[in-house]
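> I would like the atomic coordinates for the input below:
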Amino acid sequence: MTQIMPALSNFQHSSETYINREISLLEFHKRVLAQAKDESHPLLERLNFLIIFSRNLDEFFEIRVAGLMKQIDFNTITTAPDGIPNEVVLQQISENTHLAIEDQYQTLNEVLLPKLRSFGIRFIQFNDILEKHKDWIKHYFFKQVQPVITPISLDPSHPFPRLVNKSLNFIVTLEGKDAFGRQIELAIVPAPRSLPRVVRLPNELTNGEEHYILLSAIIQQHIDDLFPGMSATGCYQFRVTRNADLTLAEDVDDLAVALKDELSSRRFGRAVRLEIAKNCPNSINKYLLEKFDLDPQHLYPVNGPVNITRLFANFEIPELRFKPFQPIIPKLLRNPHQIFDVLSKRDILLHHPFDSFTPVINLLKEAAQDPNVLAIKQTLYRSGPDSEIVQVLAEAARNGKEVTAIIELRARFDEESNIIVANLLQEAGAVVVYGIVGYKTHAKMILIVRRESDKLKRYVHLGTGNYHAGNAKMYTDYGLLTTDVDICEDVHKIFQELTGMGRMVKLKKLFHAPFTLHAQLLQLIEQEIIHAKAGKKARIIIKVNALTEPQLIAALYRASQAGVKVDLIIRSICCLKPQVAGLSENITVRSIVGRFLEHTRVYYFYNNGEDQLYCASADWMGRNLFSRVETCFPIEDKKLRKQIIEDGLLSYLKDNMRAWELDANDQWHALQPSQGKAPYIAQQHLMDKRIITPTA
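A predicted model of the protein is given here:
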């Protein structure tokens, strides 16, 4: 433990009590990168973790680093609780990221690619081209590449081009004169985005093995052919990352139109990172930094391809992948035609991806076709136009049901897809509402109204994750199916709140942001503090994706000082410092990084032996609690509550193979089984449990 901290009577956040959120998020990305080096994962899964790290890092720069740079550009004084100046945070990010990227490419070049070659899988870069490849490459270049490529010389009549965010480009040094007698020294060659980044070589060149050549290698091999009569003396690939955050005024007349306008600007936002081939001369590096208005700390030389996220082909070798797992459909829900009868008698809990997402889709399918169903209301945060759920909602509208869809157009990087979904549903006859300007609709709710015996009955689904069938196979999430009268009434009121006008509604069982959730969480923590001070057992277990909200962190510190045992299972960002003497010695923080992306939000309070358990759509972040519409719902059925406590919380606290723990010095450590302890992986345990008891 570090130094003893003072009591929190006059508590103020600082770098001593609050971890910077950007640094914490970067640490999560590094935990993902560590999976690429973990030999217990199958080889192609390790490669996939490397790609996920690249994607995560892209978004980190597009949003988080871009935000810091924007604040610096406008001389904005930081208001972050840690109090660290933006310039210092940006420098720390640069130092840590340079080390992480060096580690990433070393893992790729020295570990993963050699291991792939041992299985007959080879990725051919420019320096790997053999004589036997050249005729095929030449043919492919002139037939498939040259007709769509556009080299751009850099001279007074051709200024430096606007290059699209994250596009692959080459800067070429030239000697000689062009067709007009001009002495051209530099040119830019954008790689066509319509072309695949890797191309499989024919079997006759590979003895039937899986050999892929990179598009960048094909272009480099024939770079001279793009400049007839001139000589290319150097060719260096690079990629610029730009600010991709969208800023919308709160007084827009039409949110969809405003978003379309903003989406076009995302491709050409302010540059925030420059990746370039490691062998590029310093003079070229300086030239590009100047053109993109970047400091040297934003330059990232890489020893390999600059666009890893688009590189690797979708080949399959089963023994190099995770063992296939088939989610189960709970026995009670296997006959979709009985789903209304089942839900009338009991609540059903689904734990994805261990339980199939199919029952949620089946519920909507039955509702779309059932003549007794009058209305369907649903929130949609991330659901593409090809989503089965979207198609079913459209069918329901065409069948004469009153379908209302609350579509959050501003779900980051899904904005364009959500606009298409909105148009599709409107054309089918559904009522589409875009939510509340200034507050993202992040709640996950379905409400079905059905006529039964001359009365109207409500059926509800509440979830911790999005209505996206693909995500339900990769993300861990909870979904509750219920006909509880009070919960259904609460959901009905929230839909009214979202589609109509009026004052905040009072709910019976649900907490909802931005109104009651934050205050209720503080009250639940305070309840445990009171029990602890009275000498009673007190415990809190929280499982969320991120913890950043200062008042909740302060409350958890007070709980620790009062003697409450606090276990936090935080996937990514954690700004709380655990295990600090006098401050948080009763708090543990762990992160699970494994086969599935941990996404459940579960809040547990011991409550003097009367367990209180909630699932929610909200993380413990300021944006979730004050700037989004979120729902938090109680799990009241004792059997379901026990199931979540055991499978969703205690099981993860036992994990000693995929868990990382945060110490008092802000360092994360991968756990290993202690002497005498058997290896335990929570996600594997939950998969095995379904296989062992398939009729559950």
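> Output the below-cut-off pLDDT ranges for the stretch 351-500 of the chain.
Residues of the stretch 351-500 of the chain meeting the criterion pLDDT under 70: 410-414.
> Would you indicate which residues of stretch 634-653 are buried?
634-637, 640-641, 643-645, 647-649, 651-652 (16 or more other CB atoms under 10 Å). Placement of C-beta: from N, CA and C, glycine included.
> In three-state terms, label residue 115 for me.
Three-state assignment for residue 115 (DSSP: H, G, I helix; E, B strand; the rest coil): helix.
> I meant to write residue 323 there.
Judged by three-state DSSP, the three-state class of residue 323 is coil.
> Distance check, it against residue 42.
Separation of residue 323 from residue 42 (CB to CB, to the nearest Å): 8 Å.
> Pull the most distant pair out of the buried residues of stretch 634-653.
Largest separation among the buried residues of stretch 634-653 by CB to CB: 636 and 652, giving 22.4 Å.
> re the thing from before, let me have the buried residues of stretch 634-653 in CSV, adding secondary structure as columns.
Formatted as CSV, the buried residues of stretch 634-653 follow (three-state DSSP):
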residue, secondary structure
634, strand
635, coil
636, coil
637, coil
640, helix
641, helix
643, helix
644, helix
645, helix
647, helix
648, helix
649, helix
651, helix
652, helix
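> Considering those, which is situated nearest to residue 435?
Among these, and counting by CB to CB, the member closest to residue 435 is residue 634, at 24.5 Å.
> Please list all residues in contact with that closest one.
By CB atoms under 8 Å, 6 or more residues apart in numbering, the residues touching residue 634 are 509-510, 612-614.
> out of those residues, which is most surrounded?
The member of the contacts of residue 634 surrounded by the most neighbours (other CB atoms under 10 Å) is residue 510, with 25 neighbours in all.
> Within its local environment, how many residues does the nearest residue to it once chain neighbours are set aside see?
Leaving aside its chain neighbours, residue 510 sits nearest to residue 490 (4.2 Å; criterion: CB to CB, 6 or more residues apart in numbering). By other CB under 10 Å, 24 other residues sit near residue 490.
> Strands - which of the contacts of residue 634 land there?
By the criterion of DSSP state E, membership of these in strands covers 612-614.
> between residue 323 and residue 42, which one's more packed in?
Between residue 323 and residue 42, counted using other CB under 10 Å, residue 42 has the larger neighbour count: 17 against 10.
> how close does the more buried one sit to residue 579?
According to CB to CB, residue 42 stands 34 Å off from residue 579.
> Also residue 51?
Relative to residue 579, residue 51 is positioned 34 Å away (CB to CB).
> export stretch 454-472 as PDB, just CAs?
Output in PDB follows, covering the C-alpha atoms of stretch 454-472 (Å, rounded to 0.1, in the frame of the first residue of the first chain):
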ATOM      1  CA  ASP A 454     -60.700  -8.000 -22.900                       C
ATOM      2  CA  LYS A 455     -57.800  -6.500 -21.000                       C
ATOM      3  CA  LEU A 456     -54.500  -5.100 -22.100                       C
ATOM      4  CA  LYS A 457     -51.300  -6.800 -20.800                       C
ATOM      5  CA  ARG A 458     -47.800  -5.600 -21.100                       C
ATOM      6  CA  TYR A 459     -44.700  -7.700 -21.800                       C
ATOM      7  CA  VAL A 460     -41.200  -6.100 -21.300                       C
ATOM      8  CA  HIS A 461     -37.600  -6.800 -22.200                       C
ATOM      9  CA  LEU A 462     -34.900  -4.800 -20.400                       C
ATOM     10  CA  GLY A 463     -31.200  -5.300 -21.100                       C
ATOM     11  CA  THR A 464     -27.700  -4.300 -20.400                       C
ATOM     12  CA  GLY A 465     -26.600  -4.400 -24.000                       C
ATOM     13  CA  ASN A 466     -27.700  -3.400 -27.500                       C
ATOM     14  CA  TYR A 467     -30.300  -5.100 -29.700                       C
ATOM     15  CA  HIS A 468     -27.600  -6.400 -32.000                       C
ATOM     16  CA  ALA A 469     -27.600 -10.100 -32.600                       C
ATOM     17  CA  GLY A 470     -23.900 -10.100 -33.600                       C
ATOM     18  CA  ASN A 471     -22.900  -8.400 -30.400                       C
ATOM     19  CA  ALA A 472     -25.000 -10.800 -28.400                       C
END
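> Would you mark the buried spots in it?
For stretch 454-472, by 16+ other CB under 10 Å, it's 457-469, 471-472.
> just the strands in the stretch 201-350 of the chain please.
210-214, 231-242, 271-277, 299-302, 348-352 (DSSP state E, counting those that start in this stretch).
> wait, which of the contacts of residue 634 is closest to residue 388?
residue 510 (27.2 Å).
> wait, that closest one sits on residue 633?
Yes: under the criterion of CB atoms under 8 Å, residue 510 makes contact with residue 633 at 5.4 Å.
> Just say helix, strand or coil for residue 367.
helix.
> wait, isn't it in contact with residue 373?
Yes: using CB under 8 Å, residue 367 makes contact with residue 373 at a distance of 4.5 Å.
> okay, and the common contacts of the two?
Joint contacts of residue 367 and residue 373 (CB under 8 Å, 6+ apart) are 396, 401, 448, 450.
> CA atoms of the top helix by length along the chain as PDB?
Secondary structure assigned by DSSP state H gives helix 86-107 as the longest helix of the chain. Only the C-alpha atoms of helix 86-107 are listed here, as PDB (Å, rounded to 0.1, in the frame of the first residue of the first chain):
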ATOM      1  CA  ASN A  86      -3.900  18.300 -20.800                       C
ATOM      2  CA  GLU A  87      -0.300  18.800 -22.100                       C
ATOM      3  CA  VAL A  88       1.000  16.400 -19.500                       C
ATOM      4  CA  VAL A  89      -1.600  13.800 -20.200                       C
ATOM      5  CA  LEU A  90      -1.000  14.100 -23.900                       C
ATOM      6  CA  GLN A  91       2.800  13.600 -23.400                       C
ATOM      7  CA  GLN A  92       2.100  10.500 -21.100                       C
ATOM      8  CA  ILE A  93      -0.200   9.100 -23.800                       C
ATOM      9  CA  SER A  94       2.400   9.600 -26.400                       C
ATOM     10  CA  GLU A  95       5.200   7.900 -24.400                       C
ATOM     11  CA  ASN A  96       3.000   5.000 -23.400                       C
ATOM     12  CA  THR A  97       1.500   4.500 -26.900                       C
ATOM     13  CA  HIS A  98       4.900   4.500 -28.600                       C
ATOM     14  CA  LEU A  99       6.000   1.700 -26.300                       C
ATOM     15  CA  ALA A 100       2.800  -0.200 -26.900                       C
ATOM     16  CA  ILE A 101       3.000   0.100 -30.600                       C
ATOM     17  CA  GLU A 102       6.600  -1.100 -30.600                       C
ATOM     18  CA  ASP A 103       5.400  -4.100 -28.500                       C
ATOM     19  CA  GLN A 104       2.600  -4.700 -31.000                       C
ATOM     20  CA  TYR A 105       4.800  -4.800 -34.100                       C
ATOM     21  CA  GLN A 106       7.400  -6.900 -32.300                       C
ATOM     22  CA  THR A 107       4.700  -9.400 -31.400                       C
END
